[in-house]
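>>> For reference, the sequence and a predicted model appear below.
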Amino acid sequence: MPTTIARTCTTLLLSLAAFAAQAKMVHKAVEWSDGGTTFHSVLVYDDASTAKRPGLVMVPNWYGVNDAAVKKAEGIAGRDYVILVTDMYGQAVRPANNDQAQAAVKPLYADRALMRKRVNLALAQLKAQARDTPVDLARLAAIGFCFGGSAVLDLARSGADVAAVVSFHGALQTDDPALAKNIKARVLAMNGADDRGTMPDAGRFMDEMRGSKADWQFVVLGNAVHCFTETDQHSPGCAYDERAAQRSYRLMRDWLRGAFAGTP
């Protein structure tokens with residue numbers, strides 16, 4: 001009897017090991033074109049299960065789609081989400097330094113209608129992935145970091161039919177506060193108390209949200225500056241803060257869970 005049990009346990013362990021070896025975090029290229037520009041994004045999800053799960057448009061910081069952005073998406077996705085790491089610039093634009101990144105975002109900040117169009121195109125592409133990936137079309141949201149935070153807030157302002165948007169240390173200003181009346185999503189914005197780039201707009205942002213019918217929260221994280229989720233940033237005004245990052249991720253998950261469930 002003990003020998004039989006041992007063999008059964010060994011067989012089970014080998015089966016589990018084989019399954020673990022097969023399961024992996026998938027990176028799937030997703031491309032589309034608009035106005036003569038081709039965009040190259042990356043869909044990230046764990047294929048250990050075929051169960052449908054929420055789909056998230058994720059707009060990275062101003063460096064756009066790169067290895068760091070994909071790695072961040074992996075950490076957020078786990079087995080909980082399917083994430084589209086979104087290209088907002090076009091595949092020919094991949095900033096390698098701050099000057100190049102600033103040049104890449106400048107046309108989109110100057111033309112917020114274009115920003116809204118591009119992030120809505122990304123949402124449409126995420127929806128299209130439901131044909132052959134485990135995206136649950138009934139549970140869609142968007143998250144963004146720095147510049148990406150601005151983009152997902154503009155997605156909400158466009159009236160996009162998503163359950164929620166979550167902005168991490170994103171710029172808060174808008175070209176048209178009246179667009180807030182279009183918001184259908186639950187809006188969560190989280191910024192560092194000592195973020196000199198975004199916090200000057202905090203009052204205007206809250207006035208904008210008050211003018212909407214949205215379920216919204218603006219969370220100020222004490223002692224944090226800009227970039228608090230960006231693990232590779234360590235300058236005085238743009239620095240990773242593990243405590244603020246972990247708190248903000250917990251708030252994000254709770255916010256998304258409530259939005260998808262239709263509960264407070």
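Great, that's in hand.
>>> Surely Ala142 and Val162 touch.
Yes. Contact between Ala142 and Val162 holds when scored by Cβ atoms under 8 Å: they sit 5.8 Å apart. C-beta here means a position set from N, CA and C on the backbone, and glycine is covered the same way.
>>> Can you pick out the residue with more neighbours from these two?
More neighbours surround Ala142 than the other of Ala142 and Val162, with 30 against 22 (other Cβ atoms under 10 Å).
>>> Surely that one is in a strand?
Yes. Applying DSSP: H, G, I helix; E, B strand; the rest coil, one finds Ala142 inside a strand.
>>> how about it, what does it touch?
By Cβ atoms under 8 Å, 6 or more residues apart in numbering, the residues touching Ala142 are 56-59, 119, 123, 152, 155-156, 160, 162, 164-166, 185.
>>> contacts for whatever helix or strand Val70 lives in?
Element membership for Val70 (DSSP states H and E) is helix 67-77. Outside helix 67-77, the residues that touch it by Cβ under 8 Å, 6+ apart are 25, 27, 42, 44-46, 56, 58, 60-61, 63, 83, 85, 143, 145, 229, 231-232, 249.
>>> rerun at 6 Å
Residues from elsewhere that reach helix 67-77, judged by Cβ atoms under 6 Å, 6 or more residues apart in numbering: Met25, Val42, Val44, Tyr45, Met58, Pro60, Ile83, Val85.
>>> Output the below-cut-off pLDDT ranges for the stretch 1-150 of the chain.
1-23 (pLDDT under 70).
>>> where along it do the helices fall?
2-22, 67-77, 98-110, 112-128, 147-157 (DSSP state H, counting those that start in this stretch).
>>> which of these sits most buried?
helix 147-157 (a mean of 28; mean count of other Cβ atoms under 10 Å).
>>> Distance from the chain centre to that one, please.
Chain-centre distance of helix 147-157: 10 Å, with Cα atoms, centre = their mean, to the nearest Å.
>>> neighbouring contacts of it?
Applying Cβ under 6 Å, 6+ apart, the set of residues contacting helix 147-157 is 59-62, 105, 115-116, 119, 142, 144, 165, 167-168, 170-171, 179, 183, 185, 187.
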